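A.B. asks: sequence first, then the predicted structure, then my questions.
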Amino acid sequence: MTIRFKMMIRVRFAPSPTGGLHIGGVRTALYNYLFAKKHGGKFILRIEDTDQKRKVEGAEEYIMQSLDWCGITPDESPAKGGDFGPYRQSERLDLYQQYAQQLIGAGLAYYAFDSPEELDAMRTKLQEAKAANQQYSFFNRLEMKNALTLTKEEVEERLNSGVPYVIRIKLEGGKTVMVNDVVRGKVEVNTNTMDDKILMKSDGFPTYHLANIVDDHLMKITHVIRGEEWLPSAPLHIVLYQYLGWETPKFAHLPLLLKPEGNGKLSKRDADKHGFPIFPLNYTDAKTGNVAEGFKEKGYLPKAMVNFLALLGWNPGTEQEIFSLEELSRVFELERISKAGAKFDIQKANWLNEHYLRATPAKELAAYIIKRAQESGYDCSNNKALAIVGLLIERSTFIQDLWNNAQYFFVSPTEYDNKTVKKKWKPETVDALNLFVTYIKVLQNPTAELFKQQLEKTVNELELGFGKVMPGLRLALTGQSGGPDLMEILVVLGVEESTKRIEAAIKTIEL
Ligand code: GLU
């Protein structure tokens, strides 16, 4: 009898803490998370901070807070720990050294001592010669200053004297490397087009390539799911796996996020142009102090964000568009990721936000209104807040809209919509409003229905149409030309306040 062990799926999100986490990064994290959950695997957060020059203070915390906001919780991370830590590359330097040395020992990597000037001269020479491969490679490395051209003693002497050096991979020329990508299929690359990439830098830190491979192996990563911009690095990574004698994980390179217009990669500039954020949370640029508004602060709900990002490059194969994180964790499959770039359609995000805003319990939304009202120095009962939510929810995309559109429930209008005044404020409007006031003044806590009856009585008595009275009444109560049900607004404002407003409007608006 053969016992087959099910492979434990382990995936990672491996951002570099070099600034604000772009929304595309959140999508990468989400897809990794969903894939792990779908297969009962583990989702790991690894911080790739080997580029000390580009490291930004606070960026790691920002990444963790962003994931946390979306509910994309890592099973292992620098904060949480785990059996495969440390999860910050700067704390694993010895490991990279060890594997770099192993490669050197096996003749698969070499020390190189070329100065910046020598490297510049090399590039110029290759450019002038219009060489097919214009990089440090199989073709020209024997003309350079490295362990392949210097004697053993010269190398030793340089290493001992503290001359800066790097360690480069030694690629064989003329070999085909095949990347078998779950999304893109098979991609073949000839090593003649590749270069002897640096694995260890002169500052003793590994480059992304070496550290990434060592960690993916040691952390037992089974699937590498990352942005398409890393596809060109995949052949080198595959060679590294071969050189180290390790099994290659499966690769899935995610399609680019495209501008809303659909052509070209989505950039911060596009986001600014269209007035939507590019970062999940507010992000303060450490250098300039400029704050870029985040999706959260703009009013997007995490559920809407997750739903939106899930559909940016993946589809369920059905017409269904509304998905919770739990549901996505059940249905997500790498096979349904599309090759084509995903257009960043912010209208879709807004639509989803409206959906989730409406699905939020009314008492939570009411609590928000009460809080905002208190901050502005207004009293707001729970009933009033609930009524406002009921009236404004269908007209709101963001939770802030609930408050911004509710101003007239707290302050009498000081201005009246000019166009409506001109078109709809007539002597008969004033007559009707005066009469309406006399009818409602005597009522005790009337319902919307009762208010409506008074209005009917008014228009019948003066032999006017509703159209002659309603716009003026709305103007008097709210200052605006449109809005939710007028009778309900009367109920929220109450008889006393409504009367006051109607009388004030009659006094203020010139006929
Ligand atoms: N550190 C890389 C980044 O910042 C990770 C790429 C990968 O997932 O291999 O995106």
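C.D. replies: Okay, I see it. Just so we're clear, the structure is a prediction, and the values are computed from it rather than from any experiment.
A.B. asks: can you show me the strands along the stretch 251-400 of the chain?
C.D. replies: For the stretch 251-400 of the chain, the strands defined by DSSP state E, counting those that start in this stretch occupy 257-258, 283-284, 291-292, 342-343.
A.B. asks: shaky segments in the chain?
C.D. replies: Applying pLDDT under 70 to the chain picks out residues 1-6.
A.B. asks: ok, His217 to Leu240 distance?
C.D. replies: The gap separating His217 from Leu240 is 9 Å, by C-beta to C-beta, to the nearest Å. Yep, even glycine has a C-beta here, placed from its N, CA and C like the rest.
A.B. asks: these two: which is more packed in?
C.D. replies: Taking other C-beta atoms under 10 Å, His217 and Leu240 do not tie; Leu240 has more neighbours (25 against 18).
A.B. asks: what about the strands in the protein?
C.D. replies: Secondary structure of the chain (DSSP state E): strands located at 10-13, 42-45, 109-112, 166-169, 176-181, 185-190, 198-200, 223-227, 250-254, 257-258, 283-284, 291-292, 342-343.
A.B. asks: ok, and which of the ones you listed has the densest surroundings?
C.D. replies: Greatest average neighbour count among the strands of the chain goes to strand 10-13 (a mean of 26), per mean count of other C-beta atoms under 10 Å.
A.B. asks: and the residue in the stretch 351-500 of the chain positioned nearest to the ligand, how far is that from Gly105?
C.D. replies: Nearest residue of the stretch 351-500 of the chain to the ligand, counting by C-beta to the nearest ligand atom: Leu352, 26.0 Å away. Here the criterion is C-beta to C-beta. By it, Leu352 lies 54 Å from Gly105.
A.B. asks: coming back round to it: the ligand is nearest to which of the strands of the stretch 251-400 of the chain?
C.D. replies: Across the strands of the stretch 251-400 of the chain, closest to the ligand is strand 257-258 (C-beta to the nearest ligand atom), at 13.7 Å.
A.B. asks: coming back round to it: just put the strands of the stretch 251-400 of the chain in CSV and tack on distance to Leu266.
C.D. replies: Formatted as CSV, these follow (distance: least, C-beta to C-beta, whole Å):
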stretch, distance to Leu266
strand 257-258, 4
strand 283-284, 16
strand 291-292, 14
strand 342-343, 9
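A.B. asks: out of these, nearest to Thr420?
C.D. replies: When these are compared by C-beta to C-beta, strand 291-292 sits nearest Thr420, at 37.9 Å.
A.B. asks: so what does that closest one touch, helix or strand wise?
C.D. replies: Judged by 3 or more C-beta pairs under 8 Å, 6 or more residues apart in numbering; DSSP states H and E, strand 291-292 is in contact with strand 283-284.
A.B. asks: who does the strand it packs on pair up with?
C.D. replies: Here strand 283-284 is paired, per DSSP bridges, with strand 291-292 (antiparallel).
A.B. asks: quick one: residues in contact with the lengthiest helix in the chain.
C.D. replies: Counting residues, the longest helix in the chain under DSSP state H turns out to be helix 486-508. With contacts defined as C-beta atoms under 8 Å, 6 or more residues apart in numbering, helix 486-508 is touched by 384, 387-388, 390-391, 408-409, 412-413, 416, 430, 433-434, 436-437, 440-441, 443, 445-449, 451-452, 455, 470, 472-478, 483.
A.B. asks: from these, which land in helices?
C.D. replies: Residues of the contacts of helix 486-508 located in helices (DSSP H): 384, 387-388, 390-391, 430, 433-434, 436-437, 440, 448-449, 451-452, 455, 470, 472-478.
A.B. asks: how about TSV for the strands of the chain, with distance to Lys422 added?
C.D. replies: Converted to TSV, those look like this (distance: least, C-beta to C-beta, whole Å):
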stretch	distance to Lys422
strand 10-13	58
strand 42-45	60
strand 109-112	79
strand 166-169	76
strand 176-181	64
strand 185-190	65
strand 198-200	72
strand 223-227	55
strand 250-254	55
strand 257-258	46
strand 283-284	46
strand 291-292	42
strand 342-343	43
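A.B. asks: who wins for proximity to Tyr31 among these?
C.D. replies: Among the strands of the chain, strand 223-227 comes nearest to Tyr31, with 5.5 Å by C-beta to C-beta.
A.B. asks: quick one on the thing from earlier: pull out the buried members of the contacts of helix 486-508.
C.D. replies: Burial by neighbour count, 16 or more other C-beta atoms under 10 Å: within the contacts of helix 486-508 this picks out 384, 387-388, 390-391, 408-409, 413, 416, 430, 433, 436-437, 440, 446, 451, 455, 470, 472-478, 483.
A.B. asks: what does the chain have sitting close to the ligand?
C.D. replies: 14-16, 48, 208, 212, 226, 230 (C-beta under 6 Å from any ligand atom).
A.B. asks: from these, which land in helices?
C.D. replies: Among the residues of the chain next to the ligand, the members that lie in helices (by DSSP H) are 208, 212.
A.B. asks: one step back: between Leu352 and Gly105, who's got more neighbours?
C.D. replies: Neighbour totals were compared for Leu352 and Gly105, and Leu352 leads with 22 against 9 (other C-beta under 10 Å).
A.B. asks: am I right that the more buried one is in contact with Val306?
C.D. replies: No: using C-beta atoms under 8 Å, Leu352 makes no contact with Val306, being 9.3 Å away.
A.B. asks: what touches both of these two?
C.D. replies: By C-beta under 8 Å, 6+ apart, no residue touches both Leu352 and Val306.
A.B. asks: so Leu159 makes contact with Tyr165?
C.D. replies: Yes: under the criterion of C-beta under 8 Å, Leu159 makes contact with Tyr165 at 6.8 Å.
A.B. asks: which parts of stretch 111-120 are buried?
C.D. replies: In stretch 111-120, counting by 16+ other C-beta under 10 Å, buried: 111-114.
A.B. asks: swap that for stretch 413-427, sorry
C.D. replies: Counting neighbours by 16+ other C-beta under 10 Å, one finds that the buried residues in stretch 413-427 are 413, 416-417, 420-421, 424-425.
A.B. asks: what is the most widely separated pair among those residues?
C.D. replies: Counting by C-beta to C-beta, the most remote pair of these is Pro413 and Lys424, 14.8 Å apart.
A.B. asks: compare Leu159 and Tyr165 (neighbour count), which wins?
C.D. replies: Taking other C-beta under 10 Å, Leu159 and Tyr165 do not tie; Tyr165 has more neighbours (20 against 13).
A.B. asks: list the contacts for the more buried one?
C.D. replies: The contact partners of Tyr165, taken as C-beta under 8 Å, 6+ apart, are 111-113, 158-159, 202.
A.B. asks: and of the residues you listed, the nearest to Cys70?
C.D. replies: Nearest member of those to Cys70, counting by C-beta to C-beta, is Ser202, at 38.2 Å.
A.B. asks: the closest one: how many residues sit nearby?
C.D. replies: 13.
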